[in-house]
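Participant: I'll drop the sequence and a predicted model, then ask my questions.
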Number of protein chains: 2
Amino acid sequence: MAAEQDPEGRAAARPLLTDLYQATMALGYWRAGRARDAAEFELFFRRCPFGGAFALAAGLRDCVRFLRAFRLRDADVQFLASVLPPDTDPAFFEHLRSLDCSEVTVRALPEGCLAFPGGLGEGGVPGLEVPGPSLVATNAARLRLIAGPEKRLLEMGLRRAQGPDGGLTASTYSYLGGFDSSSNVLAGQLRGVPVAGTLAHSFVTSFSGSEVPPDPMLAPAAGEGPGVDLAAKAQVWLEHVCAHLGLGVQEPHPGERAAFVAYALAFPRAFQGLLDSYSVRRSGLPNFLAVALALGELGYRAVGVRLDSGDLLQQAQEIRKVFRAAAAQFQVPWLESVPIAVSNNIDEEALARLAQEGSEVNVIGIGTSVVTCPQQPSLGCVYKLVAVGGQPRMKLTEDPEKQTLPGSKAAFRLLGSDGSLLMDVLQLAEEPAPQAGQELRVWPPGAQEPCTVRPAQVEPLLRLCLQQGQLCEPLPSLAESRALVQLSLSQLSPEHRRLQSPAQYQVGGRPLQAPVDSLCAGASP
Amino acid sequence: MAAEQDPEGRAAARPLLTDLYQATMALGYWRAGRARDAAEFELFFRRCPFGGAFALAAGLRDCVRFLRAFRLRDADVQFLASVLPPDTDPAFFEHLRSLDCSEVTVRALPEGCLAFPGGLGEGGVPGLEVPGPSLVATNAARLRLIAGPEKRLLEMGLRRAQGPDGGLTASTYSYLGGFDSSSNVLAGQLRGVPVAGTLAHSFVTSFSGSEVPPDPMLAPAAGEGPGVDLAAKAQVWLEHVCAHLGLGVQEPHPGERAAFVAYALAFPRAFQGLLDSYSVRRSGLPNFLAVALALGELGYRAVGVRLDSGDLLQQAQEIRKVFRAAAAQFQVPWLESVPIAVSNNIDEEALARLAQEGSEVNVIGIGTSVVTCPQQPSLGCVYKLVAVGGQPRMKLTEDPEKQTLPGSKAAFRLLGSDGSLLMDVLQLAEEPAPQAGQELRVWPPGAQEPCTVRPAQVEPLLRLCLQQGQLCEPLPSLAESRALVQLSLSQLSPEHRRLQSPAQYQVGGRPLQAPVDSLCAGASP
């Protein structure tokens, strides 16, 4: 995997990618003499997406990149001046020019860690992005759970992402959530996501069969001996293959074969056939076998076939049968296990079918349903002011759901002696932390009375990431965070991990404040 | 409105924001000696989104920006070299370095024009973006149709867009589709979208009421006479207001009032109150009135109030009633018509309620449901090779839906004498164009026999935008395209325009080829 190439945020959000009210409020605070007051914000969410019981925390790298690069350029300040009142004091714009994040502190869940409804991440100034639950990463993790650990999952949703750059985020978080690779080249270049891709139908249909390659010769894999005209060799193999399959030698499309030969000349060690431009059985499959066997004679092994239409599971079974028979017939054992890749609007349901016991599908390409999250295309998060200058702040609205809990929080994850997750506990920052091996009384949400737990391990959930603008510890790599996702999921009990109608994971409050739901009752408005 | 600041594509997609198979195929074509073959691609879609009968064409500006800026930089070529076979001929990378779009021709529907399932836009080389139907623009147009022409619609979905930059696209196309403004500052800076925004709950809750502004004085609007302590003036007005409303003067939250005063000091000509941080009736509304009346005494008029929770329609009615009574009581007629803005997860259904006859809501902020299109978060488009070197190309798969029609196309929109849309006609490029006033036989899709139409006007649909890399005519501004959207929608008959169960608009084929559905039957595979 390529290393991350963009540590300093060329691809990060620009400072003006924000809501205008951040600028109008900044002027309001400045005019009130409060521009340098310390404020504490908290990000949380109220319900897990997709009807599941977990979400994945993600966005820490993007957040840190953004914060470290944050500076308003002259053009940015000029634009803000053009949309703020014309008589705004020029000193305010000087203030904007001087802003950076050298006084910002961020506490957050580790990247790739499980997140449950409740307190999550905190940022020290208004208007900044902080890491939170990631819809795409959570979605990708669900798809990985359905697919099981063996299937290779390729994210290929770039063309369905929101606008040109929505795709960079979607590809990065699909990988974090458990996909193996992405078709998105920029995600490889800027984020180190492994990239994959071979050929489209247009490549196949662009050949008529009458093209003459400038150099049809291919040298053997071992590099010794004379080169061979691959097209001519494939033509010879086609006759054997057609005889074996009971097809007329005219049936396979000559343009498709020419396309396969062209691709094999360019990628002799990574030849893959896209089988369904014309007819899989009568054209794609025999043409692939002819070219793969011709390559095989030169010591190269084809790396796969791909299907993009029709009944993918059933065709994969038939293709595997043909591969086995041809492997025996032509004495090329490796042909048996050539990976079969499929794609075509695969959602959770279709994926479950493709991943079933006995499926011959090896690689699954998913686009739309991983990047656009059609089951739930957005995840409502709440980003609220909880303290100013150390004093708690809250909102009390007509809508009880929109009330917030005042004050700075701490959160802990309690684990059993087998390493499984028991529950999360949310409390005020100044309260003593739960201790491993000690009994603890907590209020589960909505409960009438507290319950008692004795955790074998206690993990503080919010880590100090950035203090006064300085990174407190090196950020894990994307691949490390991706591994944490799978580890975290393995610690979750099956009843919380299951995707349909899971049991809700409990996030309790400490009894000092009574139930977490009524914490706000003790605060003065 | 600010002019478009990014004509040359700083915010456009980078060349590597593409699927890897574009690079692997490029190597395949190059190895086959076909890297400079002229190819023609066609973009179309099969079904309108959201169960409607129309979509909006959009993306032309982004496409042209991308094409004109297209160049692989050294770092891009190096990254591609790192993911292609290590023994790839270095001459291929020289070829990549030399690539630009100086030979590309693009024909497309005009930006903001109605698009129906069928042929749409064409691009001259593989792997390039071409303009197509825009899900967000179509969604925004639907919301505008529901809201009617009078309500002001503000897009505020940045925080729900896919990743940092998904929001730029979403804001731009929401405006194109009929919204009035966006909260997204970058969309203002780079795309000229009018931006709007005032204050969040955190601004209100950050004030306790004990803050002392460094300069509490505000000069009169006319600029003559001494300044006034706005907070003190608002306190005086609060007593009148509370007496008028039958509230105790201690009931309105002092921190909320201090926040309103702070905002009014910064924006005396654009004061707006966010009413629901504590209690609308007992706090937000009296505090707003006190500050607005204090401002009014100095000659300033408040520009609005905003609600973000509870029953928005009902509260708006009550607030208007209070405004009317207060306007009479305090003899400030302008108070009657202070705009009421609302937000809070507004979808099509909630919007219809807010836009009903007699509603007192004036401004509606919509976030999630315009930018993420929850009814249908993606729109499947097809981008297919239709000709190489002038020769038609097609795909014949197991899945009849995935077959494509070969050859270069032309498309025409037929209009009646009243300017209303009759139907679109799709034909091969070489056929004679339909003529206004002349009878024309066309095959509606799925029909057993052709029908006859006599269009009063005929509009060719595909315009030549880019020829050999050169812009053929200046692109319309975003605001001009936005106006075209509303004009186009007005030409659509009510049965096609309605949002639920509309009649399908017909896209017919020319009888020379028999029905458009069977065009492919006449082509050799």
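Facilitator: Yes, it's here. Residues are numbered from 1 along each chain as shown, chains lettered A, B, ... in the order given.
Participant: ok, the closest residue to A:C465 other than its chain neighbours to chain B distance?
Facilitator: Nearest residue to A:C465, sequence neighbours excluded (CB to CB, 6 or more residues apart in numbering or on different chains): A:V106, at 4.7 Å. C-beta: built from backbone N, CA, C; applies to glycine. Separation of A:V106 from chain B (CB to the nearest CB, to the nearest Å): 17 Å.
Participant: what is the burial count for A:V106?
Facilitator: A:V106 has 27 neighbouring residues, counting by other CB atoms under 10 Å in any protein chain shown.
Participant: going along the chain, name the helices of the stretch 251-400 of chain A.
Facilitator: Taking DSSP state H, counting those that start in this stretch, the helices of the stretch 251-400 of chain A run over residues A:254-266, A:285-297, A:312-330, A:348-354, A:368-371.
Participant: need the three-state assignment for A:A231.
Facilitator: Using DSSP: H, G, I helix; E, B strand; the rest coil, the structure places A:A231 in helix.
Participant: sorry, back to before: of all the helices of the stretch 251-400 of chain A, which one is nearest B:R510?
Facilitator: Taking CB to CB, helix A:254-266 is the member of the helices of the stretch 251-400 of chain A nearest to B:R510, at 27.6 Å.
Participant: for that closest one, packing partners?
Facilitator: Here helix A:254-266 touches helix A:201-205, helix A:230-245, helix A:285-297, helix B:20-31, going by 3 or more CB pairs under 8 Å, 6 or more residues apart in numbering or on different chains; DSSP states H and E.
Participant: pairing partners for whichever helix or strand comes after the first one, with directions?
Facilitator: Read in the C-terminal direction, the helix or strand following helix A:201-205 is strand A:217-218, with elements assigned using DSSP states H and E. Taking DSSP bridges as the criterion, strand A:217-218 sits next to strand A:228-229 (antiparallel) in its sheet.
Participant: quick check: the gap between the closest residue to A:N344 other than its chain neighbours and A:A326.
Facilitator: Closest residue to A:N344 apart from its sequence neighbours, by CB to CB, 6+ apart: A:D308 at 5.2 Å. Distance, A:D308 to A:A326, by CB to CB, to the nearest Å: 22 Å.
Participant: how about the helices in the stretch 101-250 of chain A?
Facilitator: For the stretch 101-250 of chain A, the helices defined by DSSP H, counting those that start in this stretch cover A:135-147, A:163-177, A:185-191, A:201-205, A:230-245.
Participant: out of those, which gets nearest to chain B?
Facilitator: Of all the helices of the stretch 101-250 of chain A, helix A:163-177 sits nearest to chain B, with 2.4 Å by CB to the nearest CB.
Participant: in the sheet, who's paired with A:L43?
Facilitator: Per DSSP bridges, the residues bridged to A:L43 are A:G121, A:Y383.
Participant: that one touches A:V386, doesn't it?
Facilitator: No: A:L43 lies out of contact with A:V386 (CB atoms under 8 Å); the separation is 10.3 Å.
Participant: can you get me the start-to-end distance on stretch A:83-97?
Facilitator: Start to finish, the residues bounding stretch A:83-97 are 16 Å apart (CA to CA, to the nearest Å).
Participant: pull the distance from it to the chain's centre.
Facilitator: Distance, stretch centre to chain centre, for stretch A:83-97: 40 Å (CA atoms, centre = their mean, to the nearest Å).
Participant: buried residues in it?
Facilitator: A:V83, A:L84, A:T88, A:F92, A:F93, A:H95, A:L96 (16 or more other CB atoms under 10 Å in any protein chain shown).
Participant: tell me the confidence at the fifth one?
Facilitator: Looking back up the chat, that one is A:F93. For A:F93, the pLDDT comes out at 97.
Participant: ok, it touching A:L80?
Facilitator: Yes: the pair A:F93 / A:L80 is scored as a contact, 7.4 Å apart, by CB under 8 Å.
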